[in-house]
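**Student:** pasting the sequence and the predicted coordinates here, then a few questions.
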Amino acid sequence: MKRAIITLICFLLLLSNLIAQKNIMSEMTKMRGLVYTENPQLNNIAEKIFSQCIFSKLLEPLPPALPNKWFSPGGGYVGQWVWDTQFVVAAYAPMDEDQVIRGVFDNYWQTIKNNPEAPKGSYRYGMVPNYLKDWPPFGYSQIPILAWGVEQVYRQTGDRKLLEESLPYLIAFDNWYSTERDTDNDGLIEYGAYKPVGKAGMLQTARYETFDYFPSMDSMKLTKHPTRAEGGEWYGNVEGVEQTCFLLMSERSLVNIANELGEKEIAKRYEKIISSRIAAIQNKMWNSKKKFFYSLDRDTDHPIDVRSIQGFLTMCCDAATKEQAKMLAEELKDTNRWWCAYPVPTVSMDDPKFDMKGFWRGDMWPVTTYLVAYGLNRYGYYNEARILTDKIVDLFIRNGINERYNGVTGQPLGVVGLGMSCSIWSMIVENYYGVTNDFKTIRIPQNAKGLHLKLGKLEVRYPENNEVEISSGVERKLKVVFPSTTTIGQLTVSCDGVKLPKVSLNVTATTVEFVTKPGKKYLVQATS
């Protein structure tokens, strides 16, 4: 009987693996008609990214924690994580699987609604654990970019229902983060945990809310809440630049989502929160002598003297001024600190705590390099973002898709095919093809002639250097930006061969804005 049971289990595992492989092959066939470029080498990279980082990670429901399909991060971890998954759904969005993506986010919302340890009305309500697997769920959260993930999907698919379902829970999550992770109410975000996970103690569990072993948390302590009598020592005394910036990224997306749904008062409320949070970063975290942003001791506001990648993340949420961004872009190219063979290391190479193989202590992660490029583009440092993309594409070709790398030597480290390493595809889309992360702006690359990108409901083709052909499966208010070096006498837009009247266009010296209709083909031309 025992042998028969073992045989049956082995058969079921084999059958499950065969079904999974069949599903991956089916998804790959579909993907080849929805996501491709004119470049065979980039198509090969895209297929590897989608196969290894996305399709193989989409798994069947595991109720009660995961009532819908979900994305595993990889590396043997069973559960849907918070920040990892946002990069995966952003890359997966062109597959046009609205129900799947809504289900992925609904896994988070079901946890908010049903967590027995965080009922509505309690200070824990609104928490989304990192990650969803056990029930009751874990007692710590993670990098708070859920609203950013929702918006990244919506901009590609136009799935308004996703916004409508998500908004109340995104607000609840933000309210939780803004109170339980900002205990001194100064706008800067801390770390914490309500209970330990696995063999980790409470302190390490709190560190799991961000970059796990980040050296800025080496001396962190957990304390009781400074104003609330109830509860244990759940609150870390370190205010993190990166965590504050990630919450700002989500709050900017909350403004955009609220405006899309006509919720103007909600948008105005978050605009005020954003303004206040940025002021706190500027007033407390910027070191004018060292020209960099630093995390702080919560109780003294003293900077924690570790020069880490978090300083660059202020560009992701527009928290840096233009002058500071210029300093950061110049700092990035310092070969003694950041500009190694494969940037960007998580800790500056001249910092005493730098370890080129250390977990978040000097290694290079594709996802954070993507975020640095993402921030550079927001401030107009397109060339630097393009070079970062070139370097990491070269690394992928040489050494495969990994969780992290030794940025000095290129040695792969950690998990092969980690889910969120798919963010490099998003890096290629923006920096090679000019499709910015809002999916409403096309920034024509230099020497664009011949480039062609199909990205789900959006298709972009460059017949000549100073023209772009666009078709979209959803209505978009689209902005096309020509290189500043382009000599332009006239900008015209044609729809299916017929020129649009000037009254339907918003034209400046190097840009033109117009509204696309589904099923139509638009040609934007700059003539001298």
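**Tutor:** Here it is on my side, so go on. Numbers count the residues shown, from 1 in each chain.
**Student:** what is the burial count for the spatially closest residue to Q525 that is not a sequence neighbour?
**Tutor:** Residue nearest to Q525 in three dimensions, not counting chain neighbours: E467, with 4.3 Å by C-beta to C-beta, 6 or more residues apart in numbering. (Glycine included, C-beta is placed from N, CA and C.) Residues near E467, counting by other C-beta atoms under 10 Å, number 20.
**Student:** phi, psi of E467?
**Tutor:** phi -150, psi 150 (degrees, to the nearest 10).
**Student:** again with S308
**Tutor:** Per degrees, to the nearest 10, the backbone of S308 is at phi -130, psi 170.
**Student:** please report how far it lies from Y140.
**Tutor:** Per C-beta to C-beta, to the nearest Å, S308 is found 21 Å from Y140.
**Student:** these two: which is more packed in?
**Tutor:** Neighbour comparison, S308 and Y140: the larger count goes to S308, with 29 against 24 (by other C-beta under 10 Å).
**Student:** what about that one, distance to Y270?
**Tutor:** Relative to Y270, S308 is positioned 28 Å away (C-beta to C-beta).
**Student:** got it, and P63?
**Tutor:** 33 Å.
**Student:** which one's more surrounded, the two?
**Tutor:** Neighbour totals were compared for P63 and Y270, and Y270 leads with 24 against 10 (other C-beta under 10 Å).
**Student:** ok, the more buried one to E239 distance?
**Tutor:** Taking C-beta to C-beta, one finds Y270 at 20 Å from E239.
**Student:** what's the answer for Y191, then?
**Tutor:** Y191 is 9 Å from E239, where distance means C-beta to C-beta.
**Student:** tell me how many other residues crowd A279.
**Tutor:** Count around A279 with other C-beta under 10 Å applied: 12.
**Student:** hang on, it in a helix?
**Tutor:** Yes: checked against DSSP: H, G, I helix; E, B strand; the rest coil, A279 lies within a helix.
**Student:** now do the contacts for it.
**Tutor:** A279 is in contact with G187, counting by C-beta atoms under 8 Å, 6 or more residues apart in numbering.
**Student:** quick check: nearest residue in space to D106, chain neighbours excluded?
**Tutor:** N68 (5.4 Å).
**Student:** I'd guess that neighbour is in a helix, am I close?
**Tutor:** No: using three-state DSSP, the secondary structure at N68 is coil, not a helix.
**Student:** report how many residues lie close to it.
**Tutor:** Neighbours of N68 (other C-beta under 10 Å): 19.
**Student:** where does it land on pLDDT?
**Tutor:** We have a pLDDT of 97 for N68.
**Student:** surely it and Y108 touch.
**Tutor:** No: contact between N68 and Y108 fails when scored by C-beta atoms under 8 Å: they sit 10.1 Å apart.
**Student:** now V416, nearest residue through space, not along the chain?
**Tutor:** N402 (5.8 Å).
**Student:** looking at it, the one you found is touching P412, isn't it?
**Tutor:** Yes: the pair N402 and P412 qualifies as a contact (C-beta under 8 Å) at a distance of 4.1 Å.
**Student:** show me the domain layout of this protein.
**Tutor:** Domain assignment for the chain by automatic domain parsing gives 33-336+350-361+428-437, 443-527.
**Student:** can you tell me which of those domains is most buried?
**Tutor:** domain 33-336+350-361+428-437 (a mean of 19; mean count of other C-beta atoms under 10 Å).
**Student:** show me where this structure dips below the pLDDT cut-off.
**Tutor:** 1-22 (pLDDT under 70).
**Student:** hmm, 90 instead?
**Tutor:** 1-26, 76-78, 131, 198, 229, 446, 484-490, 502-503, 509, 527-528 (pLDDT under 90).
**Student:** center of it - which residue?
**Tutor:** Nearest residue to the geometric centre of the chain (C-alpha atoms, centre = their mean): F87, 4.7 Å.
**Student:** state the distance from that one to S423.
**Tutor:** Relative to S423, and taking C-beta to C-beta, F87 is found at 4 Å.
**Student:** now L261
**Tutor:** 27 Å.
**Student:** again, but for V197
**Tutor:** 25 Å.
**Student:** out of everything not next to it in sequence, what's closest to Y123?
**Tutor:** E180 (6.3 Å).
**Student:** sorry, back to before: what's the overlap in contacts for F87 and S423?
**Tutor:** V367, Y370.
**Student:** just to revisit the earlier point, ok, the residue nearest to Y123 - contacts?
**Tutor:** Contacts of E180 by C-beta under 8 Å, 6+ apart are Y123, R124, M127, G192, Y235.
**Student:** what about the helices in this structure?
**Tutor:** 2-34, 40-49, 83-92, 98-114, 146-157, 160-180, 202-207, 241-260, 264-280, 322-332, 366-378, 382-399, 423-433 (DSSP state H).
**Student:** quick one: contacts for T244?
**Tutor:** By C-beta under 8 Å, 6+ apart, the neighbours of T244 are G187, L188, I189, R277, A280, I281, M285, A319.
**Student:** so the fifth one makes contact with I189?
**Tutor:** No: contact status for A280 versus I189: not in contact, 9.8 Å apart, counting by C-beta under 8 Å.
**Student:** more crowded one of N402 and P412?
**Tutor:** Between N402 and P412, counted using other C-beta under 10 Å, the more crowded position is N402 (21 against 17).
**Student:** residues contacting the more buried one?
**Tutor:** So N402 contacts P366, P412, L413, G414, V415, V416, G417, L418, S421 (C-beta under 8 Å, 6+ apart).
**Student:** the same query, at a cut-off of 7 Å, please.
**Tutor:** Counting by C-beta atoms under 7 Å, 6 or more residues apart in numbering, N402 touches P412, L413, G414, V415, V416, L418, S421.
**Student:** show only the entries of the residues you listed found in strands.
**Tutor:** P412, L413, G414, V415, V416 (DSSP state E).
**Student:** alright, that wraps it up for me.
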